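Q: Give me a 3D structure for the following:
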Amino acid sequence: MRRLVALLMVLVLVSVGCGSSDSGTTPTACLVGAPAYLKALEGAPGSVRLAGGTPISDCLVENQSAGDLADVGASLVRAGTVLSAAARKDPGGEQTLRLGYLVGAVQAGASETSGIHTDLVRRIQAAARFAKPAGRGARAFALAYARGYAAGRSGG
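A: Residues are numbered from 1 along each chain as shown. This next block holds a predicted model:
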């Protein structure tokens with residue numbers, strides 16, 4: 001079943017890219033590893049920019065090549081996983097805010113790309129849900145995450 005789903009995703013990605021006049025060019029600043037995204041997220045909830053002033057949301061482009069989508073996606077998921085682990089240790093801390101920002105920025109970028117980044121959005125959201133604590137830390141997590149998320153959606 002997983003192979004069938006993977007094959008369908010590849011076919012969808014290929015069909016989305018065929019016959020379009022959009023170039024789908026991914027900004028060079030986005031083709032970096034997770035550490036560059038984590039470094040940029042240190043500015044959250046303020047200005048979060050990769051090299052050259054590129055916002056994270058600009059890393060998700062319409063008709064993005066499969067290779068670029070895989071590279072950007074791997075870096076974003078890795079950054080989300082690192083932030084999620086840190087947020088579990090300090091639910092109301094800066095890493096939780098940065099995790100919220102990352103999710104918001106990815107959702108903002110994906111909202112402009114006709115659904116080709118849906119799986120990436122789900123993977124980033126799954127990392128965030130993994131971090132969500134129970135008990136006393138839940139309120140602190142929710143507040144920090146929401147603050148970051150709002151900033152990511154509006155400026156990410």
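
Q: Now the residue nearest the centre of the chain: closest residue in space that isn't a chain neighbour?
A: For the chain, the residue lying nearest the average C-alpha position, counting by Cα atoms, centre = their mean, turns out to be residue 106 (3.8 Å). In space, not counting the residues next to it along the chain, residue 106 is nearest to residue 124; the distance is 4.9 Å by Cβ to Cβ, 6 or more residues apart in numbering. Bear in mind the C-beta positions are built from the backbone N, C-alpha and C, glycine included.

Q: Residue 37 now?
A: Across the structure, with Cβ to Cβ, 6+ apart as the measure, the residue nearest residue 37 apart from its sequence neighbours is residue 79 (4.2 Å).

Q: mind listing what's buried in the host helix or strand of residue 70?
A: Element membership for residue 70 (DSSP states H and E) is helix 66-89. Along helix 66-89, the positions that meet the burial threshold by neighbour count (16 or more other Cβ atoms under 10 Å) are 68-69, 71-73, 75-84, 86-88.

Q: and whichever helix or strand comes after it, how far out from the chain's middle?
A: Next helix or strand after helix 66-89 toward the C-terminus (DSSP H and E): helix 94-110. Between the mean C-alpha point of helix 94-110 and the mean C-alpha point of its chain there is a distance of 6 Å (Cα atoms, centre = their mean, to the nearest Å).

Q: how much does helix 94-110 deviate in direction from helix 66-89?
A: Regarding helix 94-110 and helix 66-89, their directions subtend 150 degrees when assessed with axes from the mean of the first three to the mean of the last three Cα atoms, to 10 degrees.
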